[in-house]
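# Whatever this is, show me its structure:
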Amino acid sequence: MSATDMLPRGFRVIATRRDTHDTHSLELAPLDGEPLDFEPGQFTMLLAFGAGEVPISISGDPARPEVLHQTIRDVGSVSHALATAAPGAVLGVRGAFGTGWEVERGRGADVVVVAGGIGLAPLRPAILRIVAARAEYGRVVLLYGARNPEEILYAEEQRTWAARHDIDVEVTVDSGPYGWRGRVGLVTQLIERAAFDAQRALALVCGPEVMMRHSARALVDRGMAPDRVRLSMERNMKCGIGLCGHCQLREFFCCVDGPVLSYDRLVPLLALAEV
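Numbers count the residues shown, from 1 in each chain. Presented below is the predicted three-dimensional model:
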């Protein structure tokens, strides 16, 4: 940790997009002109002046660090101030912090990406890095679950990944309205029938903790090694640098040791009550 880790840099909002009824994406440019280099899976502490600061996973393209892309769900006073920031507004940014997905470990093998809801946002940089070197990976599978069709994140981009980049995209929803012709059910059901070589694959999982727990178990049941299953544990982070203790998961501080951790390290903890 250095003193600069505590000092936010100014970033100007240059573009906004509404993704779902409560989720917005922002593109930000650094006021000092210095790109924010990051690894897929890392996060920033994003500050709305006068409102507060929250951790947000970076959802942009790691090959374009000059533009910081953040997808934010509007669920509280701080996230509301961030999600509704208009072009021209200045926000504070600390980071990038934490561990990454290490997608390079999947080169020469299949990659399985399992996401629930807004959990696709932290996985988007990993997918973009794979797309940039698509020939170096085997089969790439995206299994995505949302509560309903209206809450599917990056729907158009998912179609592009499937049509142009040879990614097998499977989507399911918890409940579908009349006329919905897609799948209805849990994302774990997609894992059971997805086509990938479990003996060599790398899995990246992000979503609600209960979904990640069952998804990781389903992947291991398919034959994946627990150390090849990686989960993002973005729980209750406050400071981003391991000082406050809000994100402690027994011996781990998720902001420093994570947020991305392998399932073999997490399996003793995920089923423990009150941990």
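# Which segments of this protein make up each domain?
Following automatic domain parsing, the chain resolves into domains at 3-97, 103-270.
# can those go into JSON lines with extra columns for mean pLDDT and mean neighbour count?
In this view, the C-beta of every residue, glycine as well, is placed from N, C-alpha and C. Converted to JSON lines, these look like this (pLDDT from 0 to 100; neighbours: other Cβ atoms under 10 Å):
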{"stretch": "domain 3-97", "mean pLDDT": "95", "mean neighbour count": "18"}
{"stretch": "domain 103-270", "mean pLDDT": "93", "mean neighbour count": "19"}
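# Could you check how far the most centrally placed residue in the chain is from Ser175?
Residue closest to the average C-alpha location in the chain (Cα atoms, centre = their mean): Pro122, at 1.6 Å. Look at Pro122 and Ser175: by Cβ to Cβ, to the nearest Å, they are 25 Å apart.
# Gly176 in helix, strand or coil?
Under DSSP: H, G, I helix; E, B strand; the rest coil, Gly176 falls in the coil class.
# For it, give its distance to Val114.
Relative to Val114, Gly176 is positioned 20 Å away (criterion: Cβ to Cβ).
# ditto for Arg105
The separation that Arg105 has from Val114, given Cβ to Cβ, amounts to 16 Å.
# and the residue nearest to the centre of the chain, what is it in contact with?
For Pro122, the residues meeting the contact criterion (Cβ atoms under 8 Å, 6 or more residues apart in numbering) are Gly41, Phe43, Ser57, Ile58, Ser59, Cys206, Ser232, Glu234, Pro259.
# hmm, 6 Å instead?
When contacts are counted by Cβ atoms under 6 Å, 6 or more residues apart in numbering, Pro122 touches Ser57, Cys206, Ser232.
# Same check on Ala109?
Under the contact definition (Cβ under 6 Å, 6+ apart), the residues listed for Ala109 are Gly138, Arg200, Ala201.
# at 7 Å instead, please
Gly138, Asp197, Arg200, Ala201, Leu202 (Cβ atoms under 7 Å, 6 or more residues apart in numbering).
# Tabulate these in JSON lines, adding columns for secondary structure and distance to Pro149.
As requested, the contacts of Ala109 are arranged in JSON lines below (DSSP: H, G, I helix; E, B strand; the rest coil; distance: Cβ to Cβ, whole Å):
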{"residue": "Gly138", "secondary structure": "coil", "distance to Pro149": "30"}
{"residue": "Asp197", "secondary structure": "coil", "distance to Pro149": "31"}
{"residue": "Arg200", "secondary structure": "coil", "distance to Pro149": "34"}
{"residue": "Ala201", "secondary structure": "coil", "distance to Pro149": "28"}
{"residue": "Leu202", "secondary structure": "strand", "distance to Pro149": "29"}
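# and of the residues you listed, the nearest to Arg9?
Proximity to Arg9 was ranked across those by Cβ to Cβ; first place goes to Leu202, at 32.6 Å.
# Which residue is the nearest non-sequential neighbour of the closest one?
Excluding the flanking residues, the one nearest Leu202 by Cβ to Cβ, 6 or more residues apart in numbering is Gly106, at 3.5 Å.
# does the one you found really touch Tyr137, like I thought?
Yes - counting by Cβ atoms under 7 Å, Tyr137 is a contact partner of Gly106 at 6.0 Å.
# ranges for the helices of the protein?
Using DSSP state H, the helices of the chain run over residues 77-83, 120-132, 155-164, 187-193, 209-221, 263-270.
# between these, which one is nearest to Glu66?
helix 120-132 (14.5 Å).
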